[in-house]
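*Asks:* here is a sequence with its predicted model. Questions after.
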Amino acid sequence: MDHQNQELESKSRSSSFRRLSGVGSSRRHSFGLLSAQNDNDDDVIETESVSEAGDIGDRALNSSRASISGRSHFSLDNVVPIRGDDSFHAVIESQAEKNDEKEVPWLLEYVTCLLSLAVFGILGVLARYCLQKLFGPGVIGATSDQNYMYLDLPSNMVGSFLMGWLGVVFKGDISKVSNQLAIGLTTGFLGSLTTFSGWNQKMLDLSAEGEWPFAVLGIFIGFFLVAFSIIFGIETAKGFKGLLVRSNTRINSPGACVSDKSHYLVCFPLMLVIMLGLLWGIFGIFEVKEFRNGGAKPQLFLACLVGPFGVWIRFFLARLNGRGLGKNGALKWLPFGTLAANVLAACVMAALATLKKAVRTTNCETVASGVQFGLLGCLSTVSTFIAEFNAMRESKNTWRGYAYAATTFFISFILGTLIYSVPVWARGYD
């Protein structure tokens, strides 16, 4: 009898142990699944953020409107003053400013953004032209069409450096003042100051002439210089921002920068309309007068007239960044909008270069070169491209940055070779 009791007691303990083990195993499995899910969520968030590091197009306006509408959910009921009455009153005043903010009508906001892109895009074209002339053979002589130090290298480096300031470190602060201003400076000005299609075309010219070593060096050295430029820009901007923090200097909020928000909502787009009208009017008149003479002047005037259209196309394509392919969003880490803009501009640039070789007339040279420098120079971008590369380089998956850069260069150069170099070789164009 005692033996049977001991046997039953042993079975009971064994069963209890198995149940406890099962519970522990189930908990460990649940914690494991939860940890894996969190890791997967973090990876998805990082994947989308690095793809959207440079530009997300008009989705930036939608996200801004969502953040503004969400402010009304904030409540002061649970706010407790920590350091005297000043801190508490500052919180109250800040909340009052937010509640008093009027939501911008969607159409006005969108039109203002397009106007900002156009005006800053033209300014970017002019700045790129000035840097070409300054560093080109006529003045400093640091760049040339005949070697790997191509004419657009200085503008690409300067634009990438400024992208570290305006597009990475201080972009959030500028957006607090005006979201349209932030988009105009980064997507409009810096995107037009830099050009990927011009860079790719210069390498195609070298390869078509048999200067393959210079073409390869132009790609690698140029990429290294623009990558270093944005890193240098980010580090110097962080240092400057640190000085502002240590000196108790802060960037003013929109309420402090704009005394009357309603006037600002009307004056800013009105100012942009006037500026764009003046720029288009002046360059249009000059283009009509100088077109028949040919040369660099009518090409520049035409570039300023068509440049905004390139910026707008790139802005719309940027919606694809961070979206991925298909319903499941495959390859979300790859900025398809920027990739499409750069490859498309490089292909059309190569086609126009072939056209200029085939049709040797002054008018064809003027129109094709103006469209290349303006529309296609603004459609493609190095500043956004290198910002996305840098974000991927600093992420967990560093290889994605180099894969993205290699994909962009490979597709653009191969298609450009088929469109431009092959006809040049086949027909013996000079």
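*Replies:* Received it, and whenever you're ready, just let me know what you need. Numbers count the residues shown, from 1 in each chain.

*Asks:* just the helices in the stretch 101-250 of the chain please.
*Replies:* In the stretch 101-250 of the chain, the helices defined using DSSP state H, counting those that start in this stretch lie at 106-135, 153-162, 171-177, 179-183, 191-193, 196-208, 212-246.

*Asks:* closest to Thr354 out of those?
*Replies:* helix 196-208 (10.0 Å; C-beta to C-beta). The way it works is simple: take the backbone N, C-alpha and C, and place the C-beta from them, glycine included.

*Asks:* tilt between that closest one and helix 212-246?
*Replies:* Helix 196-208 runs at 150 degrees relative to helix 212-246, counting by axes from the mean of the first three to the mean of the last three C-alpha atoms, to 10 degrees.

*Asks:* report the rounded mean pLDDT for helix 196-208.
*Replies:* For helix 196-208, mean pLDDT rounds to 97.

*Asks:* for it, packing partners?
*Replies:* helix 212-246, helix 336-358, helix 377-379, helix 399-416 (3 or more C-beta pairs under 8 Å, 6 or more residues apart in numbering; DSSP states H and E).

*Asks:* apply 6 Å and report the result again.
*Replies:* Contact analysis of helix 196-208 by 3 or more C-beta pairs under 6 Å, 6 or more residues apart in numbering; DSSP states H and E lists helix 212-246, helix 336-358, helix 399-416 as its packing neighbours.

*Asks:* in the helix or strand following the second one, what counts as buried?
*Replies:* Read it as helix 336-358. Next helix or strand after helix 336-358 toward the C-terminus (DSSP states H and E): helix 362-371. The neighbour-count check on helix 362-371 (16 or more other C-beta atoms under 10 Å) flags 365-371 as buried.

*Asks:* from the residues you listed, pick the one nearest Leu339.
*Replies:* For the buried residues of helix 362-371, the residue nearest Leu339 by C-beta to C-beta is Val371; the value is 21.5 Å.

*Asks:* what about Leu107, neighbour count?
*Replies:* 8 (other C-beta atoms under 10 Å).

*Asks:* distance of it relative to Met392?
*Replies:* The gap separating Leu107 from Met392 is 35 Å, by C-beta to C-beta, to the nearest Å.

*Asks:* let me know the pLDDT of Cys347.
*Replies:* Value for Cys347, per-residue pLDDT: 98.

*Asks:* so how far is Ala340 from it?
*Replies:* 11 Å.

*Asks:* for these two, indicate the residue with more neighbours.
*Replies:* More neighbours surround Cys347 than the other of Cys347 and Ala340, with 20 against 17 (other C-beta under 10 Å).

*Asks:* what's the closest non-adjacent residue to that one?
*Replies:* Leu415 (5.2 Å; C-beta to C-beta, 6 or more residues apart in numbering).

*Asks:* show me which of the buried residues of helix 362-371 is closest to Ala303.
*Replies:* Ala303 has its nearest neighbour among those in Gly370, at 4.9 Å by C-beta to C-beta.

*Asks:* state the distance from that closest one to Val245.
*Replies:* 46 Å.

*Asks:* could you do Leu352 as well?
*Replies:* Distance from Leu352 to Val245, by C-beta to C-beta: 49 Å.

*Asks:* quick revisit: highest average neighbour count across the helices of the stretch 101-250 of the chain?
*Replies:* helix 191-193 (a mean of 33; mean count of other C-beta atoms under 10 Å).

*Asks:* other SSEs contacting it?
*Replies:* helix 106-135.

*Asks:* just checking, what packs against the helix it packs on?
*Replies:* Packing partners of helix 106-135 (3+ C-beta pairs under 6 Å, 6+ apart): helix 153-162, helix 179-183, helix 191-193, helix 261-290, helix 296-317.

*Asks:* including mean pLDDT, could those helices go into a markdown table?
*Replies:* Formatted as a markdown table, the helices and strands packed on helix 106-135 follow (pLDDT from 0 to 100):
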| stretch | mean pLDDT |
| --- | --- |
| helix 153-162 | 98 |
| helix 179-183 | 92 |
| helix 191-193 | 97 |
| helix 261-290 | 90 |
| helix 296-317 | 97 |
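
*Asks:* quick one: those as TSV, columns for distance to Ala405 too.
*Replies:* TSV is the format used below for the helices and strands packed on helix 106-135 (distance: least, C-beta to C-beta, whole Å):
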stretch	distance to Ala405
helix 153-162	13
helix 179-183	24
helix 191-193	17
helix 261-290	34
helix 296-317	18
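
*Asks:* so which of the ones you listed has the densest surroundings on average?
*Replies:* Among these, the stretch with the highest mean neighbour count (mean count of other C-beta under 10 Å) is helix 191-193, at a mean of 33.

*Asks:* what comes into contact with that helix?
*Replies:* Helix 191-193 is contacted from outside by 121, 124-125, 127-128, 155, 159, 311, 378, 381, 383-384, using C-beta atoms under 6 Å, 6 or more residues apart in numbering.

*Asks:* for these, which one is nearest Leu61?
*Replies:* Distances from Leu61 to those, taken by C-beta to C-beta, are shortest for Val311, at 15.4 Å.

*Asks:* list the contacts for that closest one?
*Replies:* By C-beta under 6 Å, 6+ apart, the residues touching Val311 are 117, 121, 188, 192, 378.

*Asks:* do Thr408 as well
*Replies:* Taking C-beta under 6 Å, 6+ apart, we find Thr408 in contact with 339, 342.

*Asks:* for the one 4 residues further on, same thing?
*Replies:* Shown here is Ser412, whose contacts under the criterion C-beta under 6 Å, 6+ apart are 200, 343, 346.

*Asks:* tally of neighbours for the nearest residue to Asn200 once chain neighbours are set aside?
*Replies:* Closest residue to Asn200 apart from its sequence neighbours, by C-beta to C-beta, 6+ apart: Ala346 at 4.4 Å. For Ala346, the tally of surrounding residues (other C-beta under 10 Å) stands at 30.

*Asks:* residues touching Ala346, list them.
*Replies:* 197, 200, 412, 416.

*Asks:* next: Gln201.
*Replies:* Gln201 touches Met349, counting by C-beta under 6 Å, 6+ apart.

*Asks:* ok, it to Ile174 distance?
*Replies:* 32 Å.

*Asks:* using TSV, lay out the helices and strands packed on helix 196-208 together with distance to Gln146.
*Replies:* Shown next, in TSV, are these (distance: least, C-beta to C-beta, whole Å):
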stretch	distance to Gln146
helix 212-246	8
helix 336-358	16
helix 399-416	19
